[in-house]
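> no sequence for this one, just the structure:
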């Protein structure tokens, strides 16, 4: 469906005038654009998007049995086979020979020819082994010959069936590695672009001839196996030589002792490794900002082993492998094989009786591997979406999916909220709960109520209805919006949410035109726009009185650690500048936000900074068990009035505590102090807490160190994500009631129990920032940028959010940083422009296709100038009674945002393995339902994915491999608790880049356009290249070992690779266009994210490369996560099990 169906646009708004008496916007011909039609009973309010012809689907591979590559022991459900499971190596013959395969899993015999050459640059891989027919056969199967597929225009990708080795050759998964492939199979250059595999396509609905198991979009060479194809009929087609898989038993772990995987529990997934099988700590956690404590020499994990990168586009040969690799690892890097090494002394074989693991086995030929270029590419989908957008996205068409979050586009609000405020998982909701259950597609919206808009889009208009306040439905209290229908000549209106009829107040009355719309429709934002604000009256305020302006209180840890690391003096210096940049409504006026200061270690020090004092006064409260604020006047002050006293204080604090020996800190009383100060001043506000260590001093909220690595991977692991004392939950509730939001800046050198310390920030709508091993020199810049942004960004206080829906669905679950005291109101002591809330909807009745489904998100909040406002976002989506319509209009990025938050809440009460299995199962059900009900009939060996969900497997695999759900040995419990809290309030663009990082090649930087990203896999890196990776929390600049001197001079000002300083966190400012453009690019990436991304320069084969490789998410992870190829095979197997 064309995302940009052109809808008539209303004239742009002029400047809003008080009370909104604006010039009319009626079209000249007296009629109204159809995109603005009101609801007239059953008639649709907005045009439905034109129905799409044909079906959107992608068919990926065909094989009568689709076994995972031998690199992963996927045993799942009922598919555990008796006896040893063979590793299914694939034999290659010359193109002329036919290959016979007996398939024990589905009982079919397939004869097919191997791929033929498809153009220049193709070298068919050869094998020294003759083709072997299997000695492992099942019941006499019905056999058929795979004919060349007919030319049906559809996206079908097929895969050659794997052959089965004779019984004498059977190995466990992880048996002897295959023979090295000849150079032609991996070191030849990539085929020229004209022959690149075509992009994936949608399959039109066509009758499908049953005898043909597969079909492709262009007739392939007569004798070839169908090449992987899909996409709008492309120019040339090319078959790639398949790659051989890494045969190690588990990614990154030592071969497990004990029985082979075939006897493992039925649901074993490669991610679930018991703790004793985990790799030893091998690299600093990617979330540590400073250098970690010195560690023992790195053990040979799979990360440590990948010292050499596979050949890049230039087609260089690989350097020989280094000695010191562990036995049990194939000498390979992501499918490119080097010389096979014998076992290392000191390591046993993987299983009893198999001591020769790792020694070359003469009889194991290379296995055929699914070609990564033939499976759905995130980069291709992102680029295709960018190419489609050439005009503003207008929101007037109901049920129209917006461009992806990776596409930059302009939004014109014509009655639905901008996708910057609201994104849905499905823009066609199923009409019934049965249909929703059948598809398993989550129905949710990710709402970012105060999102910042780009400069070319107007912020929501502010509407003032005077004393009487906003117009609302009498029954359900929904606010006036474009979906309300005026009746009886405009004297009453019918609510679009609950159908109740309400009188129109006399001051709001207006006549209707001949179409039933009010004649002032386009002069009123609430009747024509999807997002707008109302000025709230005193009835919407706490205790029925208008709020005071908010206050900011800075609470600084002055214990030994904080002073020694330089933190105290950095914070005090920065605050002097920041006080000029407190948030304000009007950029010209002074901010009305008041400020206060507290320092603490085991006791608290309050400061009187009243303007009339010559010097600040310090008051110490040592009774931390019963916290009170020792002064009322002079604690919270106006910056402009007390500037001299405040600056004097900030100069004195670092000197006062320079010689402190106090190492213990308190934490609970610190938040209590801030809360009591806000209560005394009767205002809302924000606490900025700068804290360094586990609060072990005797006080309320005292904690003990409960970090226990032995619990990871056990049933007790979940307790480590829950707070260890209930004190902070009670404190959080009190903070929310007062409108006291807490932002916590942590500088830990060891375990600080973020799962507990983060309770108050997360429940109050605040943020946690973490700088492990903080070092002033390398981390100051990141910390100060985070602090500046945190103090200056737009924020609302004392907020309450409610989501109303039309009859048939209701909001049932909420995910994010907030507190809920009942089932409907989301309470946020603070709500800033970066926070998103994910809302799940469930059916409570049937929906109708005519009226669609409506939701209205209303947020009541106090601005930073003390004004009470209501921000309203409306969204209408279509409803459908056909599953095919549901699958045609989903948004995968939003589904992943929901599933990740659902999973991260799940680990509070469940084993992480159970959570991962639940996600895999839900994804398999979504895709199996599509396959069963929407796809054309075809062979079971094909994996068919809906067009808009073809990236669901790759993105879901990234979630499953993330550090929270599948931690490496070097990821601490604090890291995981921190990420869990961070992801819970991310919006869709944040989760997208977090789970699938952006990797840009920097060899050519020309003009203003960005280079096209490459897929996050090691085999995409070229030794002669430089790449910039963005994860939303980090920036990496990866430099290949054979980069040209000219490029090194342009970026680093040095001609030699060895002279690059990998400790630098900023690029040198050089006077050349390349350096300038690269620095601009890095600045623009940082500006798009809510947290400052520190730059890390990674030299190829350097130790820091292990951290970088952790984010190459299409590859196997060191913690045991599957590669994309392997996971796709696993998903296919799960889908087939569900279908059978």
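Alright, I've got the coordinates. Computed from a predicted model, the values in this text were never measured in an experiment.
> what are the pairing partners of the lengthiest strand in the chain, and which direction each?
Of all segments of type strand in the chain, defined using DSSP state E, the longest is strand 868-880. Strand 868-880 has the following sheet partners, assigned by DSSP bridges: strand 428-430 (parallel), strand 531-535 (antiparallel), strand 853-862 (antiparallel).
> who touches residue 481 in this structure?
By Cβ atoms under 8 Å, 6 or more residues apart in numbering, residue 481 lies in contact with 496, 526-527, 856, 872, 874. Every C-beta, even on glycine, is put in place using the N, C-alpha and C of the backbone.
> is it within a helix or a strand, and which one?
Counting by DSSP states H and E, there is no helix or strand that carries residue 481.
> please renumber the chain so that the first residue is 25 from this point on.
Fine by me, first position is 25 from now on; the one you just mentioned is residue 505.
> relative to residue 439, how far out is it?
9 Å (Cβ to Cβ, to the nearest Å).
> could you name every residue contacting both of the two?
residue 898.
> what is the mean pLDDT for the longest strand of the chain?
For strand 892-904, mean pLDDT rounds to 97.
> right, and the helix or strand after it?
Strand 892-904 is succeeded, C-terminally, by helix 907-912 (DSSP H and E).
> just the terminal-to-terminal distance for stretch 714-726.
Distance across stretch 714-726, first residue to last, is 17 Å (Cα to Cα, to the nearest Å).
> hang on, the earlier thing: out of the strands paired with strand 892-904, which is closest to residue 671?
strand 877-886 (28.9 Å; Cβ to Cβ).
> and that closest one, average pLDDT?
Mean predicted lDDT for strand 877-886 stands at 97.
> related to what we said a few turns ago, make CSV out of the contacts of residue 505 and add distance to residue 818.
Converted to CSV, the contacts of residue 505 look like this (distance: Cβ to Cβ, whole Å):
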residue, distance to residue 818
520, 30
550, 22
551, 26
880, 22
896, 17
898, 21
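> dump those residues into TSV; add neighbour count as well.
What follows is these, written out as TSV (neighbours: other Cβ atoms under 10 Å):
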residue	neighbour count
520	25
550	21
551	22
880	23
896	25
898	27
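> tell me the one of the residues you listed nearest residue 696?
Out of those, the member with the shortest distance to residue 696 (by Cβ to Cβ) is residue 896, at 35.5 Å.
> bridge partners for that closest one, pull those for me.
Where residue 896 sits in a bridge, its partners, by DSSP bridges, are residue 556, residue 882.
> list the contacts of it.
Going by Cβ under 8 Å, 6+ apart, the list of residues near residue 896 reads 503, 505, 550, 555-558, 880-883.
> quick check: residue 707 touching residue 571?
Yes: at 7.0 Å, residue 707 counts as touching residue 571 under the criterion of Cβ atoms under 8 Å.
> so where does residue 598 fall, helix or strand?
Per DSSP H and E: helix 591-602 holds residue 598.
> buried sites along that helix?
591-596, 598-599, 602 (16 or more other Cβ atoms under 10 Å).
> redo those residues as CSV? Include pLDDT and distance to residue 1137.
Shown next, in CSV, are the buried residues of helix 591-602 (pLDDT from 0 to 100; distance: Cβ to Cβ, whole Å):
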residue, pLDDT, distance to residue 1137
591, 97, 34
592, 97, 39
593, 97, 40
594, 97, 34
595, 97, 36
596, 97, 41
598, 97, 35
599, 97, 39
602, 94, 37
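> any regions of the protein where pLDDT drops low?
25-392 (pLDDT under 70).
> distance of residue 813 from residue 771?
18 Å.
> now do residue 593
From residue 593 to residue 771 the distance is 13 Å (Cβ to Cβ).
> which residue packs closest to residue 545, ignoring adjacent ones?
residue 551 (4.8 Å; Cβ to Cβ, 6 or more residues apart in numbering).
> surely that neighbour forms part of a helix?
Yes: counting by DSSP: H, G, I helix; E, B strand; the rest coil, residue 551 is part of a helix.
> which residues touch it?
So residue 551 contacts 504-506, 508, 542, 544-545 (Cβ under 8 Å, 6+ apart).
> try it again at 7 Å.
By Cβ atoms under 7 Å, 6 or more residues apart in numbering, the residues touching residue 551 are 506, 542, 545.
> who wins for neighbours among these?
Counting neighbours by other Cβ atoms under 10 Å, residue 506 comes out on top of the contacts of residue 551 with 26 neighbours.
> doesn't residue 441 make contact with that residue?
No: Residue 506 is not in contact with residue 441 according to Cβ atoms under 7 Å; the separation is 10.8 Å.
> overlap of the contact sets of the two?
residue 898.
> and the strands in the stretch 825-974 of the chain?
Per DSSP state E, counting those that start in this stretch, the stretch 825-974 of the chain carries strands over the ranges 833-839, 850-856, 861-867, 877-886, 892-904, 968-970.
> save these as a markdown table, and put in distance to residue 670 too.
A markdown table is the format used below for these (distance: least, Cβ to Cβ, whole Å):
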| stretch | distance to residue 670 |
| --- | --- |
| strand 833-839 | 39 |
| strand 850-856 | 23 |
| strand 861-867 | 36 |
| strand 877-886 | 24 |
| strand 892-904 | 29 |
| strand 968-970 | 59 |
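> among these, which comes closest to residue 715?
Per Cβ to Cβ, nearest to residue 715 of these: strand 850-856, 18.1 Å.
> what packs against the closest one?
Contacting strand 850-856 under the criterion 3 or more Cβ pairs under 7 Å, 6 or more residues apart in numbering; DSSP states H and E are the following elements: helix 751-762, strand 764-770, strand 819-829.
> mind listing what's buried along the longest one?
Counting neighbours by 16+ other Cβ under 10 Å, one finds that the buried residues in helix 751-762 are 751-752, 755-756, 758-762.
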